[in-house]
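Novice: Sequence first, predicted model second:
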Amino acid sequence: MGNKLFRTIRWTFMYAFLQSLGLMVGFVIIGHLIAYILIQHTSYHGTLDWIVNHIGSTPVIAVFGCLLFLAFFFWTSRNMILYLKEIRQGLQQMAEGKLDHVIPVKAADELGEIASSINILGEQFKQLLQEERNAEKTKNDLITGVSHDLRTPLTSILGFLELIENDRYQDEVELRYFVNIAFEKSQHLKRLIDDLFEYTKLNNGMPLAMEELDIVGFTMQLAEEFVPSLEKAEMSCRIQGAEDALWIMADGDLLVRAYDNLIANAIQYGHAGKSIDIRMEKAQDEAIIQIVNYGEQIPAKDIPYIFDRFYRVDQARSAETGGTGLGLAITKSIIEAHNGLITVTSTAKETVFETRFPLAHSKT
């Protein structure tokens, strides 16, 4: 507080004023002594005597002192004026769009604070501008992805309907075949639209019905619901880890969708391993759930993009299984909406999708 009191622009001006005043007094005294010597010992005494007798020594000293004071004040305050010009030039640079320009903070007073604030403002504005550009790119990428993914099934549907419209089928069996393909493509189109609608809602801040949820019991119940799918794929599910309840704050309906995606993916892409594991544990103040499959390894180059919308590791296999490319993006949005974290690691041995949630305080 004390240092801040004395590090103000008032004290800077006061220092310049007192310094100028001291220099002025010193030079006036020296000038007075020089004038006295000149009067006593040189031929200038007549001129000086006339000035003293007709104008007076006091007015001369006053005028001389004022001129000296102004000259010294301009000189002692020059650094501050130059700094103000530097700040003004920095603002002009930023106004011209050069947001990387940084104004050096040379003082601890208000001028230094202004320079620091301008630098912070410039950095924040640069970040906002970058975020706006990223948002625009995201929007364009979304439109491109949606257009591509909508066009593909629509083209197939229209193609087969055109064949039917023009009676270009041999018999009723082929007609039913065309109708069945058009129906399957229509279902895929509906799934894509539903996923896109849900993804948009989640990323626009959809309100959550949060309540305390036992994630252990929740996951075990969800695993039981996948028994028919596991039997069909000739796979088994092993549950490992925590037996005691782990309570988190969650919207159960949304969390079902997230783990539906993770377990369905584990069955779909890990069927070669003949089993999936669900591991649950408590680590400090977090509940950790891992969905593990033993199928093909996800290439390392695909890991950073695995949760991006419309990103598919295997385009051909995704097309065969009817994936929309939004499942994992929706899952990530749901987990993060619960203040959770989702990560993936993949080796030749296993692929692990790990989710972490903060434990509910009233249950810890």
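Specialist: Cool, got the structure. In this text the structure is predicted, and so the values were computed from the model without any measurement. Residues are numbered from 1 along each chain as shown.
Novice: all contacts plus neighbour counts: C-alpha atoms, from now on.
Specialist: Will do.
Novice: need the contact list for G122.
Specialist: M94, L99, D100 (CA atoms under 8 Å, 6 or more residues apart in numbering).
Novice: remind me which residues of the stretch 151-300 of the chain are low pLDDT?
Specialist: Along the stretch 151-300 of the chain, the parts satisfying pLDDT under 70 run over 203-205, 242.
Novice: which outside residues touch stretch 345-361?
Specialist: Residues contacting stretch 345-361 (CA under 8 Å, 6+ apart): 212, 246-249, 262, 285-300, 303, 335, 338-344.
Novice: mind checking the end-to-end distance for that stretch?
Specialist: Using CA to CA, to the nearest Å, one end of stretch 345-361 lies 29 Å from the other.
Novice: Now do the helices in this structure.
Specialist: 2-6, 9-41, 45-54, 57-76, 78-95, 110-165, 172-203, 215-225, 227-232, 252-269, 315-321, 327-337 (DSSP state H).
Novice: Next, format those as CSV and append distance to E354.
Specialist: As requested, the helices of the chain are arranged in CSV below (distance: least, CA to CA, whole Å):
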stretch, distance to E354
helix 2-6, 50
helix 9-41, 56
helix 45-54, 96
helix 57-76, 65
helix 78-95, 44
helix 110-165, 26
helix 172-203, 20
helix 215-225, 13
helix 227-232, 20
helix 252-269, 10
helix 315-321, 22
helix 327-337, 11
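Novice: Tell me which of the ones you listed is the most buried.
Specialist: helix 327-337 (a mean of 21; mean count of other CA atoms under 10 Å).
Novice: can you pull the contacts of A115?
Specialist: By CA under 8 Å, 6+ apart, the residues touching A115 are I87, I103, P104, V105.
Novice: Show me which of these is closest to P153.
Specialist: Closest approach between the contacts of A115 and P153, by CA to CA: I103, at 55.8 Å.
Novice: Is it correct that R257 is in contact with T331?
Specialist: Yes. Counting by CA atoms under 8 Å, R257 touches T331, with 7.3 Å between them.
Novice: what bridges to E211?
Specialist: Beta bridges link E211 to A250 when assigned by DSSP bridges.
Novice: wait, isn't S186 in contact with I157?
Specialist: Yes. Between S186 and I157 there is a contact under CA under 8 Å: 7.1 Å.
Novice: Show the pLDDT at the residue nearest the centre of the chain.
Specialist: Nearest to the geometric centre of the chain sits E131, at 7.3 Å (CA atoms, centre = their mean). Looking at E131, its pLDDT is 77.
Novice: Can you tell me how far it is from K137?
Specialist: For E131, the distance to K137 - CA to CA - is 10 Å.
Novice: go on, V292?
Specialist: From V292 to K137 the distance is 34 Å (CA to CA).
Novice: what's the answer for Q290, then?
Specialist: 33 Å.
Novice: wait, what's in contact with the closest residue to E234 other than its chain neighbours?
Specialist: Nearest residue to E234, sequence neighbours excluded (CA to CA, 6 or more residues apart in numbering): K274, at 6.7 Å. Applying CA under 8 Å, 6+ apart to K274 gives the contacts E234, M235, S236, Y294.
Novice: In those, which residue is surrounded by the most others?
Specialist: Within these, Y294 tops the neighbour count with 23 neighbours, counted by other CA atoms under 10 Å.
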